[in-house]
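Q: coordinates for the following, if possible.
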Amino acid sequence: MPTWKELRRFLEHNGWELYKDTDHYFYRKRSEDGSMLFTKVSKGSEEIGNNLWRRILHHELKVTQEYFNKKK
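A: Numbers count the residues shown, from 1 in each chain. Sure thing, here's the model as predicted:
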C-alpha cells in the first residue's frame, strides 16, 4: 500500500490543486467529464490501510492501481 506522502506526490504531479491546508491537505481536480473530484491527505507518513486505499483509489481519485503506480 502507498504512504500518504506517495499519495500527495501523485496528486501534485497529476494536476490536482491544493485548496486547503489544515490538519489535512485537501485537493480537488476537474475530471474530463466536467465533474469535480475531491480528496484529503493525512499529514502522517505511514502506509494507507488497504480498505481506505481502495476507497480513495476508486471513489475519490477514480484511477486504477496500475495508473497510480505509473504516475506516482
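
Q: which residues of the protein fall in helices?
A: Taking DSSP state H, the helices of the chain run over residues 4-13, 50-55, 65-71.

Q: between the ones you listed, which one is nearest to Val41?
A: helix 4-13 (5.0 Å; C-beta to C-beta). The C-beta positions use only the backbone N, C-alpha and C, and glycine is treated the same way.

Q: how far out from the middle of the chain is the closest one?
A: Here helix 4-13 shows a centroid-to-chain-centroid distance of 6 Å under the convention C-alpha atoms, centre = their mean, to the nearest Å.

Q: okay, buried residues for that helix please.
A: 4, 6-8, 10-11 (16 or more other C-beta atoms under 10 Å).

Q: go through the residues you listed and say which is closest to Gly49.
A: Nearest to Gly49 among the buried residues of helix 4-13, with distances taken as C-beta to C-beta, is Trp4, at 11.0 Å.

Q: how far away is the closest residue to the closest one other than its chain neighbours from Glu32?
A: Nearest non-adjacent residue to Trp4, counting by C-beta to C-beta, 6 or more residues apart in numbering: Ser42, 4.6 Å away. Going from Ser42 to Glu32 by C-beta to C-beta, to the nearest Å gives 27 Å.

Q: many thanks, I have nothing further to ask.
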